[in-house]
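Asker: quick one: sequence and predicted model below, then my questions.
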Amino acid sequence: MSRKYYTLPLRFDEIINKKQHNSCSLEESIAQNLHLLVSTYHGESAYAEDYGCSIWDEEFKTQLDVKWKEEVRRSIMNAIEKFEPRLALSDVKVDLSDHESRQQTGIQVRRKLIITISGTIRKTNESFNFKKTLFISPLSQV
């Protein structure tokens, strides 16, 4: 029996009124949950205080060094192990660089965080890869 996975955002009005809600594959559902995990700060979710990861706890820290990247990596791994049981986690990589962009007001420098997650989908035993780029903590505007 095939299971139905709904796309985000959920439209409860459609579900309650027995209308067709957009659905997605298992892979897309896992990717949507991973996106939510890395973009949610601890305490933001009403149903689970620990849903999310630590990226946003110290986003504006002046020194985002190897220790910070390891803490974020560990936080993401813990969140996935707890809140995404459909994925057998293999690896999480966290890379950080500066990113310049031209704005009407000048050049803005921000930190670019690239998160790469790899694992195996437990149900199908297929490999799974997810990559998310986040722009965090503006450094300066020239």
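Answerer: All right, it came through fine. Numbers count the residues shown, from 1 in each chain.

Asker: C-alpha only now, for contacts and for neighbours.
Answerer: Will do.

Asker: show the low-confidence segments of this protein, by residue range.
Answerer: 1-2, 58-64, 99-100, 102, 108, 138-142 (pLDDT under 70).

Asker: burial check on Ser118, number of neighbours?
Answerer: 17 (other C-alpha atoms under 10 Å).

Asker: what residues does stretch 124-142 touch?
Answerer: Here stretch 124-142 makes contact (C-alpha atoms under 8 Å, 6 or more residues apart in numbering) with 27, 31, 35, 59-60, 105-121.

Asker: who are the contact partners of Val38?
Answerer: Contacts of Val38 (C-alpha under 8 Å, 6+ apart): Gly52, Cys53, Ile55, Ile76.

Asker: which among those residues gets closest to Val94?
Answerer: Taking C-alpha to C-alpha as the measure, Val94 sits nearest to Ile76 out of the contacts of Val38, at 9.6 Å.

Asker: helices or strands up against the longest helix seen in the chain?
Answerer: Secondary structure of the chain per DSSP state H: the longest helix is helix 66-83. Packing contacts for helix 66-83, counted by 3 or more C-alpha pairs under 8 Å, 6 or more residues apart in numbering; DSSP states H and E, involve helix 26-39, strand 87-103.

Asker: please identify the most buried of those.
Answerer: Counting by mean count of other C-alpha atoms under 10 Å, helix 26-39 has the highest mean neighbour count of the helices and strands packed on helix 66-83, with a mean of 18.

Asker: now the helices and strands packed on helix 66-83 in JSON lines, with distance to Ala48?
Answerer: Formatted as JSON lines, those follow (distance: least, C-alpha to C-alpha, whole Å):
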{"stretch": "helix 26-39", "distance to Ala48": "12"}
{"stretch": "strand 87-103", "distance to Ala48": "19"}
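
Asker: for Trp68, find the nearest of those.
Answerer: strand 87-103 (9.9 Å).

Asker: what strands flank the next helix-or-strand element following that closest one, and is each parallel or antiparallel?
Answerer: With elements assigned by DSSP states H and E, the helix or strand that comes after strand 87-103 is strand 106-121. Using DSSP bridges, strand 106-121 pairs in its sheet with strand 87-103 (antiparallel), strand 127-141 (antiparallel).

Asker: cool, thanks, signing off.
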